[in-house]
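Asker: Got a predicted structure plus its sequence, pasted below:
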Amino acid sequence: MEAKNRRVAVLVGCNYPNTSHELHGCINDVLAMRDMLVKRFRFNPKNIELLTDEPGSSSAMLPTGANIKQKLASMIDQAEAGDVLYFHYSGHGTRIPSKKHGHPYHHEEAIVPCDFNLITDLDFRQLVNKLPKGASLTILSDSCHSGGLIDKEKEQIGPSSLVHENDSSLKLTNTPKTIPFESILQHFSSQTNINTTDIGTHLLELFGSEASSRFQLASRDLDLLNQPLRPDEGILLSGCQADETSADMNPNASGGKAYGAFSNAVQMVLKENPGQLSNREVVVKARNMLQTQGIMQHPCLYCSDENANATFLWQHQNSDL
């Protein structure tokens, strides 16, 4: 049976309004990307889910951990061979201590939904593992520590494949899109009144079965998930390396709109290059653009060798479909 080749997206923008972690450009990022998906990549607006913490948003459309995971799971559960799936996240990221035996970096990456119910690299790995054969999932994460956000995905462009450039000083006002682990731990401790530095204990107390699988699985099961994988159809374009921060630019003083540096760079690259670009080309050009702007972050690409050279958001033909 011929594939339907549906194009489906979940777009999440978290500005954390009226909190000490407030950002300004994240909702603008996903609104701009929604227009880009419709006009350039032929996404049907009905197939684009938008979750933001804009004041007045309904509880069902708030970017909580449970809502984000539900929308992603639904997108993947309904996917068929030939479908192009896209997840764009703009908001805070963080790093948490790793419980995996022999984990080389001692930290794992996570995004921070508006309710702080962390979604970890393990959650994204599990989503990619559920993809039907012939479907692809592209994740663009404009957040701090986003390199490696799909657990064990192969690095194509990252800290070990490209040397750092000499960055010039940053001229625009910006805020790092990161919430330190200690701040998250303090936030949870004040809510649970549990005296422990184990963040999983707090998350399970507050969110129960809606907490990340990373905190629900036993150590033995986590070790099983740490086995080598075959190439898959997960594609991650990260705003920075795992040890870096991503910038939230706020040029409001000059009358401009706030934006995420990486989201904006990708959109500028796409506008300046109307032809098809590979995933590798999008990341390299975005890196170069951020360097020209004097922004000290290095976007990365994680995916299979084949998908590194595949066209960004364009399903390649496969004779097995």
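Answerer: Sure thing, it's come through.

Asker: Now do the contacts for the closest residue in space to residue 24 that isn't next to it in sequence.
Answerer: In space, residue 24 comes closest to residue 258 once its chain neighbours are excluded; the distance is 3.6 Å by Cβ to Cβ, 6 or more residues apart in numbering. Glycine gets a C-beta too; all of them are placed from N, C-alpha and C. Taking Cβ atoms under 8 Å, 6 or more residues apart in numbering as the contact definition, residue 258 lies against 23-25, 28, 248-252.

Asker: Tell me the one among the residues you listed nearest to residue 290.
Answerer: Here the nearest of these to residue 290, counting by Cβ to Cβ, is residue 249; it sits at 10.8 Å.

Asker: Show me what the closest one bridges to in the sheet.
Answerer: Under the criterion DSSP bridges, residue 249 forms beta bridges with residue 174, residue 259.

Asker: Who is residue 278 paired with across the strands?
Answerer: Beta-bridge pairing of residue 278 under DSSP bridges involves residue 311.

Asker: How many residues are close by it?
Answerer: By other Cβ atoms under 10 Å, 16 other residues sit near residue 278.

Asker: My read is that it contacts residue 314, right?
Answerer: No: when contacts are counted by Cβ atoms under 8 Å, residue 278 is not listed as touching residue 314 (9.3 Å).

Asker: what about this protein, any weak spots by pLDDT?
Answerer: Under the criterion pLDDT under 70, the flagged ranges of the chain are 1-4, 99-106, 160-173, 218-229, 252-255, 315-321.

Asker: can you give me the strands for the stretch 201-321 of the chain?
Answerer: Secondary structure of the stretch 201-321 of the chain (DSSP state E, counting those that start in this stretch): strands at 234-238, 247-249, 259-260, 300-302.

Asker: Do a quick rundown of the helices in the stretch 51-200 of the chain.
Answerer: The residue ranges that make up the helices of the stretch 51-200 of the chain, judged by DSSP state H, counting those that start in this stretch, are 65-77, 121-129, 181-192, 199-207.

Asker: The first one versus helix 199-207: what angle between them?
Answerer: It refers to helix 65-77. Following axes from the mean of the first three to the mean of the last three Cα atoms, to 10 degrees, one obtains 90 degrees for the angle between helix 65-77 and helix 199-207.

Asker: before we move on, the earlier item: any chance of JSON lines for the strands of the stretch 201-321 of the chain, columns distance to residue 186?
Answerer: Formatted as JSON lines, the strands of the stretch 201-321 of the chain follow (distance: least, Cβ to Cβ, whole Å):
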{"stretch": "strand 234-238", "distance to residue 186": "26"}
{"stretch": "strand 247-249", "distance to residue 186": "22"}
{"stretch": "strand 259-260", "distance to residue 186": "26"}
{"stretch": "strand 300-302", "distance to residue 186": "29"}
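
Asker: Please identify which of those strands is closest to residue 52.
Answerer: Minimum separation from residue 52 across the strands of the stretch 201-321 of the chain (Cβ to Cβ) falls at strand 259-260, 13.3 Å.

Asker: center of this structure - which residue?
Answerer: Centroid-nearest residue in the chain: residue 141, 2.7 Å away (criterion: Cα atoms, centre = their mean).
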